[in-house]
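Trainee: I need the structure of the sequence given here:
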Amino acid sequence: MQIDFHFYTIYALARATGFKPEDAYIIAYSSQHTDDARYEDALEFKNGGRFQQVLSAHKFLDLDALTKPTCYRIWVPFHFLPGNLGRDFYERMLTRANSIIAQRMVEEFLSSDLKPYSLHRLGIILHVYADTWSHQNFMGIMYRNINDVRDLKVKGTAKRSIKSLLAKLKEEILEYCAPELGHAQAGTIPDEPYREWEYEDYKGRYFQISNQERALDAAQNCYMVLSRFLKRFPQFLSPPVLPWQKILEKIGELFSHQGELEERTEAWREAISNGRIGFEPKGKDTNLHYHDREWFRAAVTVTTEEGERYIRNEGFEMSHWKYFHDAAAFHRFHLLHEILPEYGIICG
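Mentor: Model (predicted):
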């Protein structure tokens, strides 16, 4: 999935289920920021204290950092959740749509007590959950040929164009230079909701895929998670609530929109701001944009001085940026050290 799903779709689903615009924004921002939290250094503050960032993104890593420990720490808990199907450890590491582990992750979150960072954690979990559809049958570590994509065909795209796309990705994003990692051999094709494609995997099994069907299934399940959260914590509910069937047609239409990522996100922005999803536009709905440094700049000031270059802004301890990293740290530990070991998957 890309920003059109992780941010805009999640925002629209949150609003449809009854979240206020400001709360829907926290959830959607956290969902997308899971792809953008690309720093892991500790910030030493000039006005005292320090804060350890959590690296959850993968697109900006150096090739030297794509080691097995890094993959287990970033790709597995945040992007390629193990599906636990099969006998062999590595086959069990393959992501499966709405797997038993994905459901366990959701159930444990929904049964947990409310924390200051619960909305942020909800966004992170929805990111991981949605990725189980788009990343299914791939895994977040490199092992032999398990992530192979053979005889790739994309509807409406010539082989020459596919090769050109993959070559461009290798130049721009280092992760695609590691063909044994994730779905690197298929580029961004699994993440684009309008695509129809086919390939053979490492076992010679043939897959014919409609990304729109996958995206709709992911969206409906995310809708249900959001609805269940509101039933557990009704203090966040702000009616009216739109039933899934009321928004299904428009969501499906947006998923079928072809074009570059910016064109697709613009289609979502317009649909939300013009009320075409079904909820009355207000607040954030009318001018919805995402900037990956927004929360950081609200929480921290960067100085030009040597040494301690960071200043904690007033209210840092309750900032969205801090809460996102608190939620990410909790999610990673809970998944790697508590949930996965119960299924015999030790990779923490």
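
Trainee: distance of the residue most central in space within the chain relative to residue 121?
Mentor: Nearest to the mean C-alpha position of the chain, counting by Cα atoms, centre = their mean, stands residue 127 at 3.1 Å. Distance, residue 127 to residue 121, by Cβ to Cβ, to the nearest Å: 11 Å. (C-beta placed from N, C-alpha, C; glycine too.)

Trainee: shared neighbours, the two?
Mentor: Taking Cβ atoms under 8 Å, 6 or more residues apart in numbering as the criterion, residue 127 and residue 121 both touch residue 30.

Trainee: buried sites along the helix or strand where residue 69 lies?
Mentor: Assigned by DSSP states H and E, residue 69 belongs to helix 68-70. By 16 or more other Cβ atoms under 10 Å, the buried positions in helix 68-70 come out as residue 70.

Trainee: do the same with stretch 216-228
Mentor: Judged by neighbour count using 16+ other Cβ under 10 Å, the buried positions of stretch 216-228 are 216, 218, 219, 221, 222, 223, 225, 226, 227.

Trainee: and which of those residues is nearest residue 14?
Mentor: Set against residue 14, the nearest of the buried residues of stretch 216-228 by Cβ to Cβ is residue 226 (5.5 Å).

Trainee: and the helix or strand containing that closest one, what does it pack against?
Mentor: In the assignment (DSSP H and E), residue 226 maps to helix 211-232. Packing contacts for helix 211-232, counted by 3 or more Cβ pairs under 8 Å, 6 or more residues apart in numbering; DSSP states H and E, involve helix 10-17, helix 100-110, helix 118-134, strand 196-200, helix 244-255.

Trainee: of all these, which one is nearest residue 233?
Mentor: Comparison of those against residue 233 by Cβ to Cβ identifies helix 118-134 as nearest, at 7.7 Å.

Trainee: what is the closest one packed up against?
Mentor: Counting contacts by 3+ Cβ pairs under 8 Å, 6+ apart, helix 118-134 packs against helix 10-17, helix 21-33, helix 76-78, helix 100-110, helix 211-232, helix 320-334.

Trainee: for the closest residue to residue 209 other than its chain neighbours, which residues count as its bridge partners?
Mentor: Residue nearest to residue 209 in three dimensions, not counting chain neighbours: residue 197, with 5.4 Å by Cβ to Cβ, 6 or more residues apart in numbering. Residue 197 has these beta-bridge partners by DSSP bridges: residue 154, residue 209.

Trainee: for residue 190, see how far away residue 217 is.
Mentor: Distance, residue 217 to residue 190, by Cβ to Cβ: 14 Å.
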